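**Student:** quick one, what's the 3D model for this:
(chains A, B and C)
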Amino acid sequence: MRDDIRAWLDAESGLPDQPLRGEFYVDAGIFAAEMRDVLGRQWLYADHVSRIPRPGDYFLFEVGGESIIVVRRKDGTIGAYFNVCRHRGSRICLDRQGSLSSFVCPYHAWTYDLDGALRGAAHMPDDFERRDAGLMPCHVRELEGLIFLCLAEGEAPDFDALAEIARPYLALNGLAPARLAARRSYPTSANWKLVVDNFQECYHCAPAHKLYSSAHSKDKLLAFGAGPGSGPVDAAERFSGELATWRERASAAGTWLDARAEEEDDIRSIWSVGRLPIKAGALTESVDGAPVSRLMGRFAEFDGGHSAVAFNVFSYFLASNDHVVMIRFTPRGVLETDVEFQWFVHPEAEEDVDYEVERLVRVWDVTTTEDKRITEDNQAGVASSRYRPGRFSALEGRLSTIKRWYLHEMATASVPSHEELGA
Amino acid sequence: MRDDIRAWLDAESGLPDQPLRGEFYVDAGIFAAEMRDVLGRQWLYADHVSRIPRPGDYFLFEVGGESIIVVRRKDGTIGAYFNVCRHRGSRICLDRQGSLSSFVCPYHAWTYDLDGALRGAAHMPDDFERRDAGLMPCHVRELEGLIFLCLAEGEAPDFDALAEIARPYLALNGLAPARLAARRSYPTSANWKLVVDNFQECYHCAPAHKLYSSAHSKDKLLAFGAGPGSGPVDAAERFSGELATWRERASAAGTWLDARAEEEDDIRSIWSVGRLPIKAGALTESVDGAPVSRLMGRFAEFDGGHSAVAFNVFSYFLASNDHVVMIRFTPRGVLETDVEFQWFVHPEAEEDVDYEVERLVRVWDVTTTEDKRITEDNQAGVASSRYRPGRFSALEGRLSTIKRWYLHEMATASVPSHEELGA
Amino acid sequence: MRDDIRAWLDAESGLPDQPLRGEFYVDAGIFAAEMRDVLGRQWLYADHVSRIPRPGDYFLFEVGGESIIVVRRKDGTIGAYFNVCRHRGSRICLDRQGSLSSFVCPYHAWTYDLDGALRGAAHMPDDFERRDAGLMPCHVRELEGLIFLCLAEGEAPDFDALAEIARPYLALNGLAPARLAARRSYPTSANWKLVVDNFQECYHCAPAHKLYSSAHSKDKLLAFGAGPGSGPVDAAERFSGELATWRERASAAGTWLDARAEEEDDIRSIWSVGRLPIKAGALTESVDGAPVSRLMGRFAEFDGGHSAVAFNVFSYFLASNDHVVMIRFTPRGVLETDVEFQWFVHPEAEEDVDYEVERLVRVWDVTTTEDKRITEDNQAGVASSRYRPGRFSALEGRLSTIKRWYLHEMATASVPSHEELGA
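**Tutor:** Numbering: from 1, shown residues only, chains lettered A, B, ... in the order given. Sure, this is the predicted structure:
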């Protein structure tokens, strides 16, 4: 690793209560290390299984310069392969999604089974071994209808432990059979860490998100705006009555679920799960609190609650009783991050009967459009010679935790040299 | 500093009579050093005070990646601050100009007084000291209505000595109360040093600027085209009669002012001041020599003279009796330089009565459009493997002086490493 | 040379049967070395003499960041000069082609004869020597109407040996007096080596080029698709009858010419020449085998043959009896390559009488449009972290030869440091 980066990382370890120094948001060498060793170790939400219902259906998942083919195999399971021919490296699938019975490289017609094995390659020497030339696999797992990928070259980190913790929250909404109602992109010209930090604190909700703030309990946003424990103790105390009342109601309905997050002593991953009330009188997270679609999953009536699962800093699940929001943050470059939202509803919900798209997406569409601008203005400032990391407020506790995790991951990362970057 | 750059600088010191080698016009490391240690040490003309007449009025001055808020404070003085919140670094002012009673960061509503002091920051820990978190100040000075900024992180270089030398030239035109009549930009895809060199010699005037050459005395352009002493001795002798005649006339009118420039033994800054005749029969610098607006300042009648002040290589004042031209060269990147012109007239001059904008701007609009193309074609050539610095002509004496100053500044500059550049 | 590049080059020497590792297609340092030491040592086809028929006619040839003026001099010979003024480096000629009696730099009017000598430079010091300030020459040679340039700074490699080998193939078509009928560009976002490899194997012809494959003998494409010896032995045997029949016919017509390529023990250049039958029944390389223009040069009747000359990996001549195709691959950047085609016909052929442009260009226009996509998809894949060079098939023998040549050239190249790149 470059000496200067190592020194910066060491210095940051002693500064848990403030943002990173400016270089972390602009340095190409740091970004390359993050892509390989931080992003590369995560289980990233790719899409919902409903996108590839039949054998041969596939879509491409693109992150950094990588393209992954995610395919429904003949046995019904899901496979994932790097979209790179083993002959001379051409992309194999060119369309972003489609359906096929085998993968045929358009360059020299090398042909692969849906499970990645090389089946045909004409004119090859006698000693060529097809079995050594299957598509390079990508780690893939499925959880309640959600497809997760891990681009790690060797072993992937454990998936199951968090999967079992998160499953009840997803299952409550009947996510596996749910159907996609809308998909929107908010490409943001900022470093991914600024996008993540923006999402993991609600200190900015009051000044910057009028609509979002009006849709949620004010005391909750102060106390638990970025998840349980994210606000100051006095705010939590103020919120405790409201929380207890709702917990009673949800428990009676059988829809109460505990809140949890990563443990202090296991900082190798960032995650959290939880259910909280929306606000007094609100049935769902919408402009006016009124339903935006049919009840989903196990909900027999509106319980006024809202579920949240952070699988890691890149992949999120948010759910009201009548819809689910899936969120992906995908770094594209040092200064470019894709921000993608999907909205899911009951599998039998009909557009313009049970839901209207604009009403369904309104709260997060407005809020994310605001966040895009905020984050881009933040990026412009941290690149200044006079940016000095300030101090986290009592509502930014999660940022301190995330910084600890980030520094832990980066401590074991290998930053490419300028030579390796081909700078 | 990088060894190769150090070696190049050393080699150039022995070559005073020729342009720099090609690397100086394309190398990102050299550019980064120039921004910090050459541009960063200059007093840059930012704008005229008339842009912010009332307390709370502000505009943004942008140079390199920096954004500076220049504001009229409550006590009527002018302040300048880096547009970077002390919390997490967001830009605070997003509009290029406006009016406000305090600075409120749009991210988390940190609030600063117009004098930069942090006034409000919610939910901060008890031991947080607001007095340590005021906006980072930028050096700012005012001279006859002109606002100058210096981005130096520590002490700024002296402003007063040159200010007192330049003041009579500015005051003669009554610049402080003058009003802006036009503003135009000529973004140029070339290194800033080529833009400066182009402006500091008139060897190219005859071949490349037909209109400009027709507006000025031919002998003057040869002798003093880039200021007194910029041409050869024989040209100065040919011009001496014309100069003496005009000097007598201006002295009688009380509008004669001497010509001066930086001293040989004080090469730490580049500057010059002077008044010269335009050409026989011309009252102002215009297409036909006829006035383009009302007399300004202390002029009671047209004296046929033209004033010029080079504050440094980036900021210039040019004035006829009836209008003032202010010029800014602002480096944007290794290969990008902003070239901006402002035209000022008498405060009571009325558009379409006393002046027409197109007639007012004509000479410099045409000339600068020509210079943009010239300079971009120069940039293309110096990037060639076969570019060899030639030899300065007798009309390019200022370029030799500027080279000496540049090498002096760079000798004490600290060139960032590739690591620091995050290349 | 950078240590990592040296190590990569060493490792590739032991891997003759597979493509290069991914870094070779994305690394800026490798590309800079290639431009200077590989491309810089080639004789590049620039254009046909008919573009500059009269003294003073010129055109610009642009490669990398260089611009070369190619001019018809007063004595009728052709000269080539770097388009860089010897004063301060401006471009001299700004239009891509034109006609003039001398070169006048638009900046300061330095004036050069058509043979590059400096004729005029005003206001220069007495000790300035014009004879040292002529335009920097570029190596230039002419062969049967084709103009070749070599950008080497010192001595150029031998031109004559290959010229004499290639001359009969060009002369057969009467190329010198031929006239240009069409010119098309296919800018390709891929490294130049992928463009070259794509052109030097016909393994992809069957899967990727339906039209091209239908225009040529199938057995020929397998056996000799990328020139004699480019396919497997059994394919050559299958093709031998067809070849012998045609050879007899062409010999009788006096139009048979042997096939040859660079020798195994002289790998310092890549070249090949040859004539082969198109396919049974085809008179020319066209959609249906029917003529697309008048017979050219020494052809008295259609002999069903097709000539090919690879001057090097960047410059190609392809000819049917009634038209000639000239091809240029010009690297523009690590990931950008210009692909340019010219079609020539009999000097007296009339458009819409003897030929229709769309019919004339059809086969290569379709094929090159296909190759552009193929090559760009190849580039996307080789940049993946999971790209692994595969194995060459029996139809990709030329790629192994080209790799050997490339590694030989690069072994003696000097890769610029990051410092030199100004990264």
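**Student:** and the end-to-end length of stretch A:119-139?
**Tutor:** Stretch A:119-139 has an end-to-end distance of 22 Å (Cα to Cα, to the nearest Å).
**Student:** distance from that stretch to the middle of the chain?
**Tutor:** 34 Å (Cα atoms, centre = their mean, to the nearest Å).
**Student:** just the buried positions in that stretch, please.
**Tutor:** Burial within stretch A:119-139, assessed by neighbour count using 16 or more other Cβ atoms under 10 Å in any protein chain shown, is assigned to A:121, A:123-124, A:128, A:133-136, A:138-139. Bear in mind the C-beta positions are built from the backbone N, C-alpha and C, glycine included.
**Student:** stretch A:166-179 too?
**Tutor:** A:166, A:168-170, A:172-176, A:178.
**Student:** please save the CA atoms from it in PDB.
**Tutor:** What follows is stretch A:166-179, C-alpha atoms only, in PDB (Å, rounded to 0.1, in the frame of the first residue of the first chain):
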ATOM      1  CA  ALA A 166     -33.000 -10.500   8.200                       C
ATOM      2  CA  ARG A 167     -35.400 -13.200   7.000                       C
ATOM      3  CA  PRO A 168     -38.400 -12.500   9.300                       C
ATOM      4  CA  TYR A 169     -38.400  -8.800   8.300                       C
ATOM      5  CA  LEU A 170     -38.500  -9.700   4.600                       C
ATOM      6  CA  ALA A 171     -40.900 -12.600   5.100                       C
ATOM      7  CA  LEU A 172     -43.300 -10.400   7.000                       C
ATOM      8  CA  ASN A 173     -43.900  -8.400   3.700                       C
ATOM      9  CA  GLY A 174     -44.100 -11.600   1.600                       C
ATOM     10  CA  LEU A 175     -41.200 -10.300  -0.500                       C
ATOM     11  CA  ALA A 176     -40.400 -13.500  -2.400                       C
ATOM     12  CA  PRO A 177     -43.600 -13.400  -4.600                       C
ATOM     13  CA  ALA A 178     -43.800  -9.600  -4.600                       C
ATOM     14  CA  ARG A 179     -43.900  -7.800  -7.900                       C
END
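**Student:** what's the local residue count around A:R247?
**Tutor:** Neighbourhood size, A:R247 [other Cβ atoms under 10 Å in any protein chain shown]: 16.
**Student:** residue contacts, it?
**Tutor:** Counting by Cβ atoms under 8 Å, 6 or more residues apart in numbering or on different chains, A:R247 touches A:W256.
**Student:** got the buried residues for the one helix or strand it maps to?
**Tutor:** Secondary structure assigned from DSSP states H and E places A:R247 in helix A:233-253. Buried residues in helix A:233-253, counting neighbours by 16+ other Cβ under 10 Å, are found at A:235-236, A:238-239, A:242-243, A:246-247, A:250, A:253.
**Student:** can I get the residues you listed in JSON lines with pLDDT?
**Tutor:** As requested, the buried residues of helix A:233-253 are exported to JSON lines (pLDDT from 0 to 100):
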{"residue": "A:A235", "pLDDT": "93"}
{"residue": "A:A236", "pLDDT": "93"}
{"residue": "A:R238", "pLDDT": "95"}
{"residue": "A:F239", "pLDDT": "95"}
{"residue": "A:E242", "pLDDT": "96"}
{"residue": "A:L243", "pLDDT": "96"}
{"residue": "A:W246", "pLDDT": "97"}
{"residue": "A:R247", "pLDDT": "97"}
{"residue": "A:A250", "pLDDT": "97"}
{"residue": "A:A253", "pLDDT": "96"}
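**Student:** quick one on the thing from earlier: what are the contacting residues of the helix or strand following the helix holding A:R247?
**Tutor:** Using DSSP H and E, the helix or strand that follows helix A:233-253 in sequence is strand A:260-261. Strand A:260-261 is contacted from outside by A:165, A:227-229, A:271-274, using Cβ under 8 Å, 6+ apart.
**Student:** next, count neighbours for A:G254.
**Tutor:** Neighbour tally, A:G254, other Cβ under 10 Å: 11.
**Student:** name the nearest residue to it, sequence neighbours excluded.
**Tutor:** A:R298 (7.7 Å; Cβ to Cβ, 6 or more residues apart in numbering or on different chains).
**Student:** surely that neighbour meets A:T255?
**Tutor:** Yes: under the criterion of Cβ atoms under 8 Å, A:R298 makes contact with A:T255 at 7.2 Å.
**Student:** give me the common contacts of those two.
**Tutor:** With Cβ under 8 Å, 6+ apart, A:R298 and A:T255 have common neighbours A:L172.
**Student:** who has more neighbours, the two?
**Tutor:** Counted by other Cβ under 10 Å, A:R298 and A:T255 do not tie: A:T255 has more neighbours, with 21 against 14.
**Student:** tell me how far the lengthiest helix in chain A lies from the chain's centre.
**Tutor:** Determined from DSSP state H, the single longest helix within chain A is helix A:357-382. Centroid separation for helix A:357-382 versus its chain: 16 Å, with Cα atoms, centre = their mean.
**Student:** also stretch A:401-418?
**Tutor:** 19 Å.
**Student:** equivalent analysis for stretch A:111-119, please.
**Tutor:** With Cα atoms, centre = their mean, you get 30 Å for stretch A:111-119.
**Student:** burial measure for the closest residue to A:V38 other than its chain neighbours, as a count.
**Tutor:** Leaving aside its sequence neighbours, A:V38 sits nearest to A:E409 (Cβ to Cβ, 6+ apart; 4.8 Å). By the criterion of other Cβ under 10 Å, A:E409 has 20 neighbours.
**Student:** quick one: A:E409 and A:G40 touch, right?
**Tutor:** No: with contacts counted by Cβ under 8 Å, A:E409 stays clear of A:G40, the gap being 10.1 Å.
**Student:** name the residues of the stretch 51-200 of chain A found near chain C, please.
**Tutor:** A:65-67, A:82-91, A:94, A:106-109, A:121-125, A:128, A:133, A:136, A:151, A:153 (Cβ under 8 Å from any Cβ of the partner chain).
**Student:** cutoff 7 Å now
**Tutor:** A:65-66, A:82, A:84-91, A:94, A:106-109, A:123-125, A:128, A:133, A:136 (Cβ under 7 Å from any Cβ of the partner chain).
**Student:** can you narrow those residues to ones near chain B?
**Tutor:** Okay, of these, nothing touches chain B (Cβ under 7 Å from any Cβ).
**Student:** and the residue of the stretch 51-200 of chain A found nearest chain B, how far from chain C?
**Tutor:** Nearest to chain B in the stretch 51-200 of chain A, going by Cβ to the nearest Cβ, is A:D197, at a distance of 7.5 Å. Distance, A:D197 to chain C, using Cβ to the nearest Cβ, to the nearest Å: 27 Å.
**Student:** once you drop chain neighbours, what's closest to that residue?
**Tutor:** A:D197 sits nearest to A:L399 (Cβ to Cβ, 6+ apart), 5.4 Å away.
**Student:** burial check on the one you found, number of neighbours?
**Tutor:** 26.
**Student:** near chain B, which residues of chain A?
**Tutor:** A:2, A:4, A:19, A:23, A:26-29, A:203-204, A:207-208, A:232, A:374, A:377-378, A:380-388, A:390-391, A:393-395, A:418, A:423.
**Student:** that older thread, which ones among the contacts of strand A:260-261 map onto helices?
**Tutor:** Filtering these for helices - DSSP H - leaves A:I165.
**Student:** I'd like the contacts of strand A:260-261 laid out as CSV, including distance to C:S102 and pLDDT.
**Tutor:** Output for the contacts of strand A:260-261, formatted as CSV (distance: Cβ to Cβ, whole Å; pLDDT from 0 to 100):
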residue, distance to C:S102, pLDDT
A:I165, 82, 97
A:G227, 76, 83
A:P228, 82, 77
A:G229, 80, 77
A:W271, 75, 96
A:S272, 77, 96
A:V273, 80, 97
A:G274, 81, 96
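**Student:** drop anything exposed from the contacts of strand A:260-261.
**Tutor:** For the contacts of strand A:260-261, buried by 16+ other Cβ under 10 Å: A:227-229, A:271-274.
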